[in-house]
Structure formats: C-alpha cells, structure tokens
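K.L.:
I need the structure of the sequence given here:
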Amino acid sequence: MAEPILVNRTRFTSSLDNRLMEQFNQLAKATRIPKSRLIDEAIEDLLKKYEKKDS
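P.N.:
Sure thing, here's the model as predicted:
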C-alpha cells in the first residue's frame, strides 16, 4: 500500500508519556477533534509561549 501524499502537512514521529497519551486519546474521543488538529493547536500555543520570551 502506497504512502498517502501529504500536501499541507508533514509527517513526524514522536513519543508521549503513557499518562498523557491516555488523556490525549480521551480528549480526542470526547471532543471528536482529530488528534492531528489537537497537536497543531498545542504546538501553536507552545510557539506563542516561547515567542514572548524571545521578545
């Protein structure tokens, strides 16, 4: 099976603390928001947090 072509996204691999993964799975299920969208939001928030420290 061929890999899907991603136009507006970049694939990456990471790992999470088991406890965080359980909570993340529950959040995605409860909100019906895809995990990739939740990760986008989290990374945006993280970048904003550290952007303020650099200014």
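K.L.:
so Asp40 is in which element?
P.N.:
Asp40 is located in helix 35-54, with elements delineated by DSSP states H and E.
K.L.:
who's in contact with that helix?
P.N.:
Defining contact as CB atoms under 8 Å, 6 or more residues apart in numbering, one finds that helix 35-54 is touched by 9, 24, 27-28, 31. Every residue, glycine included, has its C-beta placed from N, CA and C.
K.L.:
Closest one of these to Ser15?
P.N.:
If you rank those by distance to Ser15 using CB to CB, Phe24 comes first, at 12.0 Å.
K.L.:
I'd like the average pLDDT over the host helix or strand of the closest one.
P.N.:
Using DSSP H and E, Phe24 maps to helix 18-31. Mean per-residue pLDDT for helix 18-31: 97.
K.L.:
ok, Phe24 - contacts?
P.N.:
16, 35, 38.
K.L.:
buried stuff in stretch 16-26?
P.N.:
Phe24 (16 or more other CB atoms under 10 Å).
K.L.:
Point to the residue nearest the middle of this structure.
P.N.:
Computing the C-alpha centroid of the chain and ranking residues by CA atoms, centre = their mean puts Ile39 first, at 1.5 Å.
K.L.:
what about Leu27, how many neighbours?
P.N.:
Applying other CB atoms under 10 Å, we find 12 residues neighbouring Leu27.
K.L.:
Just give the closest residue to it, not the sequence neighbours.
P.N.:
Of all residues not flanking Leu27 in the chain, Leu38 sits nearest, at 6.7 Å (CB to CB, 6 or more residues apart in numbering).
K.L.:
what helix or strand is Glu3 on?
P.N.:
Assigned by DSSP H and E, Glu3 belongs to no helix or strand.
K.L.:
got it, and the one 3 residues further on?
P.N.:
Using DSSP H and E, Leu6 sits in no helix or strand.
K.L.:
Look up how far Ala28 lies from Leu46.
P.N.:
Going from Leu46 to Ala28 by CB to CB, to the nearest Å gives 18 Å.
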